[in-house]
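*Asks:* I'd like to go over a predicted model; first the sequence, then the structure.
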Amino acid sequence: MTEDKPEAVEDGRAWIEIDLDALAHNAAELRSHMPSGCELMAVVKAEAYGHGSVMVAGRLFEEGVKSFAVATAEEGILLRESGLDGEILVLGYTAPENAGLLRTYRLMQLIFDVDYARQLDETGCKLQAHIAIDTGMHRLGIDFSDLTALETVFKCGNLIIEGCATHLASSDTLDSGDVIFTCGQIEKFESTISALKTMGFNTGKLHFQASYGMLNYQNLRCDYARAGIALYGVLSHDEATAVRPALRPVLSLKARIAQVRWIGAGETVSYGRTFMAAAPMKLATVCAGYADGVPRQMSGNGGMCVVHGHKVPIIGRICMDWLMADVTGVDHVQPGDIATLIGSDGGAEIRCEEVAAAAGTITNDILCRFGIRLPRIYKGRKPEGAGR
Ligand SMILES: *Cc1c(COP(=O)(O)O)cnc(C)c1O
């Protein structure tokens, strides 16, 4: 006699929910703020900031997005194998030994160095490429003033240069020093591009905006805007931007409560006994910890979760697999109930920006930690062929 294997429920312990309709809304909202002629390049690196790159890119393609950016060739290959069409730009380093993969999977490679260009060229693979021009970020790219190096790249016979890009270092604030610096970066980029054109090169599609550039410098002409974090409906931090689009958070993080019990005044909670109850307290032990991506730095720093529509504090140190919450003021909390760590429940909300602030970091960092052992549950319309 064969016995059917029981299937695990996805929302049995801790999970993330991804609202694909919110994602589509954000894409439309961002596009409505883009200058005419500029197309959205969806940045779906790091599993689309933890949201699942195959589903995110698949749905965005159906919304008319035809251009994607990833950090690694492997991320691009995953998308191609899922059936994704359109352009895929690899923003990160691909070893020249893997040039054949770029070719086979029609991935465009960002070229950031003249020696790197030569190495790729010598592989003999015809490769589509964009050039990264460094205008002051000093992370990656050929210096804007080095026209000789740029000319060498354009003359690499096996590299088909289809675009040029730069990256802004401080477009996320409107402090006057940062604005001056950002405008300087853009001027450098534009002057280099016009010099290259004068030299007779086709600089192709031009792009320099990421989310914050789009929101703080929205009228600059360009061919692509490389939107990452804003597409996921959050901003990196709470600082105001010039344009405030009506974005909807795409990701929620939820977990079951495993145990509920009372502790007495003077009793402590979790490792290191950093928290002591001043009065009798009802504690809920939640099935989520730092191994699930809940930042441990949030311990004792204002971290909250939502239980039955009430925002309650996380108490004591966050453990690898657990965290404890003070649910003294919430009636009828039982094991099996849901605690929301990011997202809303019953009218109360915890935004990813709050979690990031409590952890002393930005939302980008928080979002891409999820997913090692958390199932993703997709809500809203899934792309055709999904489950792909
Ligand atoms: C990650 C990345 C982006 C997207 O940045 P967001 O701030 O998330 O929009 C854009 N461009 C480059 C080069 C990147 O590495």
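*Replies:* Here it is on my side, so go on.

*Asks:* domain parsing for this structure?
*Replies:* Split into domains by automatic domain parsing, the chain comes to 20-231, 251-350.

*Asks:* distance of the closest residue in space to Pro295 that isn't next to it in sequence relative to the ligand?
*Replies:* Ranked by C-beta to C-beta, 6 or more residues apart in numbering and with sequence neighbours excluded, the top spatial neighbour of Pro295 is Ala359, at 3.6 Å. Where you see a C-beta, it was placed from the backbone N, CA and C, and this is true even at glycine. In this structure, Ala359 lies at 18 Å from the ligand, with C-beta to the nearest ligand atom, to the nearest Å as the measure.

*Asks:* angles on the backbone of Ala359, please.
*Replies:* Dihedral angles phi and psi of Ala359 (degrees, to the nearest 10) take the values phi -90, psi 0.

*Asks:* residues contacting it?
*Replies:* 295, 297-298, 301, 303, 365-366 (C-beta atoms under 8 Å, 6 or more residues apart in numbering).

*Asks:* now do Ala279
*Replies:* Residues near Ala279 by C-beta under 8 Å, 6+ apart: Ala265.

*Asks:* follow-up on the earlier one: how near is the residue nearest to Pro295 to Leu23?
*Replies:* Here the distance between Ala359 and Leu23 works out to 24 Å (C-beta to C-beta, to the nearest Å).

*Asks:* what strand or helix carries Arg118?
*Replies:* Under the criterion DSSP states H and E, the helix or strand holding Arg118 is helix 114-122.

*Asks:* of the domains of the chain, give the one that comes closest to Arg373.
*Replies:* Using C-beta to C-beta as the measure, domain 251-350 is the one of the domains of the chain that comes nearest Arg373, at 6.6 Å.

*Asks:* hmm, that closest one in reach of the ligand?
*Replies:* No. Among the residues of domain 251-350, none lie within reach of the ligand under C-beta under 6 Å from any ligand atom; the closest is 13.8 Å away.

*Asks:* any idea how far that domain is from the chain center?
*Replies:* For domain 251-350, the distance from its own C-alpha centre to the chain's C-alpha centre is 26 Å (C-alpha atoms, centre = their mean, to the nearest Å).

*Asks:* now do that domain, average pLDDT.
*Replies:* Domain 251-350 carries an average pLDDT of 97.

*Asks:* what do you get for stretch 55-73?
*Replies:* Computed over stretch 55-73, the mean pLDDT rounds to 98.

*Asks:* now do stretch 230-241
*Replies:* For stretch 230-241, mean pLDDT rounds to 93.
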